[in-house]
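> give me coordinates for this.
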Amino acid sequence: MTNSIIILDHPYTLISKDNVPHRRSFSAAICHALIEANQKQGFNVNIIDLHADHFDPVMHADDLTNWRLNRQLSPQIDAYNEQLKMADNVFIVFPIWWGSMPAMMQGFFDKVLRKSDFLNFHNQTPLFQPHTKVFVYTVSGAPTDVYVNKLKQPILPLLTVNTFYKLGVANDNYHWQNINAEDISEQKRQIVLTTILNNKF
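A predicted model of the protein is given here:
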């Protein structure tokens, strides 16, 4: 059985997929399309909705000590870590804020990815297996070509070289798609969601 995990960081949570002014999230709509696409392919799907889970992204002093000593930070973080270890496909969805990821997602990487999970610098067993695929979907206010060419897509090296490469993910198993949802029509947003729904992962 293929195991997929979908991680969402958006304050409005997974329930905000519908087009309700000031309570809508295209990130949530993407997550729903990903859930359906994975279920259609018969995959087992786990969902981490960080805001709905009331995840604490702050690395407190005691957290850092425990992280350094490879001790438990919390049962919630242990559960997240175990889900990641079992994943064949990892889907990460968040809006781009100030050129990067929101604090909740950064805190997820800081606290859930333990020191013992690093492969290339500590010769540990990697968190991910060579076949693990990572799919990152971001939603930006800036057009994608502006984000890529003018802003130099800072999210890409942050997640590839500085995160997933260290955890054992091959570069050709990392996929990133950005959607500028604010500047496209409702029809084009639906096309994006339909394309995701029909993807084969």
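
> where does residue 178 land in three-state SS?
Of the three states, residue 178 takes strand under DSSP: H, G, I helix; E, B strand; the rest coil.

> then the one 10 residues further on?
For residue 188, the secondary-structure state derived from three-state DSSP is helix.

> so where do the strands sit in this structure?
Along the chain, the stretches classed as strands by DSSP state E are 3-8, 44-49, 89-95, 133-139, 174-179.

> adding distance to residue 73 and mean neighbour count, write those strands out as JSON lines.
C-beta coordinates here come from the backbone N, C-alpha and C atoms, glycine included. Conversion of the strands of the chain to JSON lines gives the following (distance: least, CB to CB, whole Å; neighbours: other CB atoms under 10 Å):
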{"stretch": "strand 3-8", "distance to residue 73": "17", "mean neighbour count": "23"}
{"stretch": "strand 44-49", "distance to residue 73": "15", "mean neighbour count": "18"}
{"stretch": "strand 89-95", "distance to residue 73": "20", "mean neighbour count": "23"}
{"stretch": "strand 133-139", "distance to residue 73": "23", "mean neighbour count": "21"}
{"stretch": "strand 174-179", "distance to residue 73": "26", "mean neighbour count": "18"}
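
> dump those to a markdown table, plus distance to residue 26 and mean pLDDT.
A markdown table is the format used below for the strands of the chain (distance: least, CB to CB, whole Å; pLDDT from 0 to 100):
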| stretch | distance to residue 26 | mean pLDDT |
| --- | --- | --- |
| strand 3-8 | 12 | 98 |
| strand 44-49 | 15 | 98 |
| strand 89-95 | 8 | 97 |
| strand 133-139 | 5 | 96 |
| strand 174-179 | 7 | 94 |
